[in-house]
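A.B. asks: need a structure here:
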Amino acid sequence: MRLVSTRNPKVRSTFLEALAAGPAPDGGLWMPEPIACFRDVPHLLALPWAERNTEILYRLLGEEVDRADLEALAAEAFDFPVPLVPLKDRLFVLELFHGPSLAFKDFGARFLARMLAHRTAREGLKLRTVLVATSGDTGAAVAQAFWKVKGVRAVVLYPKGRVSPLQEAQFATLGGNVLAYAVEGSFDDCQRLAKAAFADPAVAGPLALVSANSINIARLLAQVLYYFEAAAQLRALGLREAPLFSVPSGNFGNLCAGYLARAMGLPVKAFVAACNANRTVPDHLDTGVYTPRPSLATLSNAMDVGDPSNWPRILHLFQGNLDELRATLRWGSLDDAATRRALWELNGLGCTADPHTAVAYGVLEERRGLGEPAVVLATAHPAKFADLLKRDMNLDLALPPALAEAQTLPLQAQPLEAREEALKDVLMG
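C.D. replies: Presented below is the predicted three-dimensional model:
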């Protein structure tokens, strides 16, 4: 796979080179170019989940990774179900939360961990440091994916007091090779610190620093796979019309993966970018002016992003042409009050959801035409927000065993000032 920087197409990389790096040297993000377009999508959709995953990944990465290795890595990374659940007439929920950390981030994190371990072993390296900034679910997925993986130290940065207690328990209680730091600031501060570390040769080089955020292209390729799975399950139900996909959108990696699937030939009528009160992207689409801003704390905390890292990737796919992008995209946002209403409406339909999924549902209902087939991406298990659902809806949710156990363990996170030098000190210490 050939990759180019979103800032300069002359800056190039292979997949395995980009896998073990952060952003491109010029500060851009890696994107495939050209993007492989599959002419046999109906054939791919007829394949079983595991076989299709191997086939797609081999078509993308076969020049760099053996098919047998990809088959084994994918089988291990994606060893959990991806059910498509009917909600009401021609509207479905794709449940992406059945992995170990109970969030959709498991797809990207587990594939990244296994690909990175594969490359590290092949090259005989002793230690890499994986650095990730999280607003909630990413930290849990990365921590679970890399915990006890030989040759890797995982460092998780998260905004103190702005992730749910259950999310925090999933990544801040593990210890061992997983180090968690509670940053005195917002998620945007965490991202800023991580970006500065990757941009500092005195840090990135000696530590063999690797990004586990969605800026890592491996995570996006893994997420492409479940868009194909949703389409395959719709076909199996006899629905052949191209659907809408409503995507909870914070850092916009999930939506970017959907656009990559579309570019590869997956039939998609349109995407719905569903945001919370952090309206940087909806305002950009409305006005044409991109204005990053401090993030606001909301019920859907994993989407509390004021300057989304992956938005430039989506613009890159459309060569910066907003009109062409708008023709493929619908967008909107919900504040917390509207999110609560969406949670109640979903509950009335027999679906207990988390607030991120509720945002995707609520915005979709505002933007969906009569009878249009649509898929809502359900990105987190509702039990991860049990306190919220108990307080606001009087719902008593049984915690999955892994979450229940994490709650009983002591937090091992350390405080960290939102200063670049403070992060450098703990990374190099």
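
A.B. asks: Surely A342 is in contact with L334?
C.D. replies: Yes - the criterion here is Cβ atoms under 8 Å, and A342 meets it with L334 at 6.5 Å. Placement of C-beta: from N, CA and C, glycine included.

A.B. asks: got any residues that touch both of these two?
C.D. replies: Taking Cβ atoms under 8 Å, 6 or more residues apart in numbering as the criterion, A342 and L334 both touch 358-359, 362.

A.B. asks: what comes up buried for stretch 421-429?
C.D. replies: Across stretch 421-429, burial judged by 16 or more other Cβ atoms under 10 Å covers 422-424, 427.

A.B. asks: Tell me where the stretch 201-350 of the chain has helices.
C.D. replies: 201-204, 217-236, 253-263, 280-287, 311-317, 322-326, 336-348 (DSSP state H, counting those that start in this stretch).

A.B. asks: Pipe the ones you listed into a markdown table and attach distance to V163 and mean neighbour count per row.
C.D. replies: A markdown table is the format used below for the helices of the stretch 201-350 of the chain (distance: least, Cβ to Cβ, whole Å; neighbours: other Cβ atoms under 10 Å):
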| stretch | distance to V163 | mean neighbour count |
| --- | --- | --- |
| helix 201-204 | 25 | 14 |
| helix 217-236 | 19 | 23 |
| helix 253-263 | 18 | 25 |
| helix 280-287 | 20 | 17 |
| helix 311-317 | 22 | 21 |
| helix 322-326 | 31 | 13 |
| helix 336-348 | 16 | 17 |
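
A.B. asks: so which of those helices gets nearest P48?
C.D. replies: helix 217-236 (8.9 Å; Cβ to Cβ).

A.B. asks: now that closest one against helix 253-263, angle please.
C.D. replies: For helix 217-236 against helix 253-263, the angle by axes from the mean of the first three to the mean of the last three Cα atoms, to 10 degrees is 60 degrees.

A.B. asks: what packs against helix 217-236?
C.D. replies: The contact analysis (3 or more Cβ pairs under 8 Å, 6 or more residues apart in numbering; DSSP states H and E) places helix 217-236 against helix 15-19, strand 30-32, helix 41-46, helix 49-61, strand 84-88, strand 91-95, helix 105-123, helix 253-263.

A.B. asks: Quick one: residues in contact with the next helix or strand after the longest one.
C.D. replies: Moving toward the C-terminus from helix 105-123, the next helix or strand (DSSP states H and E) is strand 128-133. By Cβ under 8 Å, 6+ apart, the list of residues contacting strand 128-133 from outside reads 20, 116, 120, 138-139, 142, 146, 151-158, 187, 190-191, 193-194, 197-198, 207-213, 427.

A.B. asks: Which of those residues are buried? Put it as a ChimeraX command.
C.D. replies: In ChimeraX syntax, the buried subset of the contacts of strand 128-133 is picked out as below (16+ other Cβ under 10 Å):
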select :20,116,120,138,139,142,146,152,153,154,155,156,157,158,187,190,191,193,194,197,198,207,208,209,210,211,212,213,427
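
A.B. asks: Quick one: neighbours of the closest residue to R67 other than its chain neighbours, just the number.
C.D. replies: Using Cβ to Cβ, 6 or more residues apart in numbering and skipping residues adjacent in sequence, the residue nearest R67 is Y58, 4.9 Å away. The tally of other residues near Y58 (other Cβ atoms under 10 Å) stands at 18.

A.B. asks: rewinding a little: and the helices and strands packed on helix 217-236 as TSV, adding distance to L179 and mean pLDDT?
C.D. replies: Shown next, in TSV, are the helices and strands packed on helix 217-236 (distance: least, Cβ to Cβ, whole Å; pLDDT from 0 to 100):
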stretch	distance to L179	mean pLDDT
helix 15-19	22	94
strand 30-32	26	97
helix 41-46	40	98
helix 49-61	30	98
strand 84-88	37	97
strand 91-95	31	98
helix 105-123	16	90
helix 253-263	23	98
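
A.B. asks: In CSV: those, plus distance to L285.
C.D. replies: CSV is the format used below for those (distance: least, Cβ to Cβ, whole Å):
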stretch, distance to L285
helix 15-19, 28
strand 30-32, 20
helix 41-46, 28
helix 49-61, 29
strand 84-88, 26
strand 91-95, 24
helix 105-123, 25
helix 253-263, 12
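
A.B. asks: which of these is buried the deepest?
C.D. replies: Most buried of the helices and strands packed on helix 217-236, by mean neighbour count (mean count of other Cβ atoms under 10 Å): helix 253-263, with a mean of 25.

A.B. asks: for that one, packing partners?
C.D. replies: On a contact count with 3+ Cβ pairs under 8 Å, 6+ apart, helix 253-263 meets helix 217-236, strand 244-248, strand 270-275, helix 311-317.

A.B. asks: okay, those in a markdown table with distance to S13 and mean pLDDT next?
C.D. replies: Formatted as a markdown table, the helices and strands packed on helix 253-263 follow (distance: least, Cβ to Cβ, whole Å; pLDDT from 0 to 100):
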| stretch | distance to S13 | mean pLDDT |
| --- | --- | --- |
| helix 217-236 | 9 | 97 |
| strand 244-248 | 27 | 98 |
| strand 270-275 | 27 | 98 |
| helix 311-317 | 14 | 98 |
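
A.B. asks: Dump the ones you listed to TSV, plus distance to L389.
C.D. replies: Listed next are these as TSV, based on distance: least, Cβ to Cβ, whole Å:
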stretch	distance to L389
helix 217-236	25
strand 244-248	17
strand 270-275	19
helix 311-317	30
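
A.B. asks: so which of those comes closest to A404?
C.D. replies: strand 244-248 (25.1 Å).

A.B. asks: What would the closest one look like as PDB? C-alpha coordinates only.
C.D. replies: Extracted C-alpha coordinates of strand 244-248, given in PDB (Å, rounded to 0.1, in the frame of the first residue of the first chain):
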ATOM      1  CA  LEU A 244     -27.300   5.700   4.900                       C
ATOM      2  CA  PHE A 245     -24.700   5.300   7.600                       C
ATOM      3  CA  SER A 246     -25.100   7.500  10.700                       C
ATOM      4  CA  VAL A 247     -21.800   7.800  12.500                       C
ATOM      5  CA  PRO A 248     -21.100   9.300  16.000                       C
END
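
A.B. asks: tell me the angle that strand makes with strand 270-275.
C.D. replies: Using the same axes, to 10 degrees, strand 244-248 lies at 20 degrees relative to strand 270-275.

A.B. asks: can you list contacts of strand 244-248?
C.D. replies: 227, 230, 254-255, 258, 268-274, 300, 302-303, 330, 356-357, 359-361, 363-364, 368, 372-377, 379.

A.B. asks: hmm, who's touching stretch 169-182?
C.D. replies: 101, 134, 139-140, 142-144, 146-149, 152-161, 402-403, 406-407, 409-416, 423, 426.
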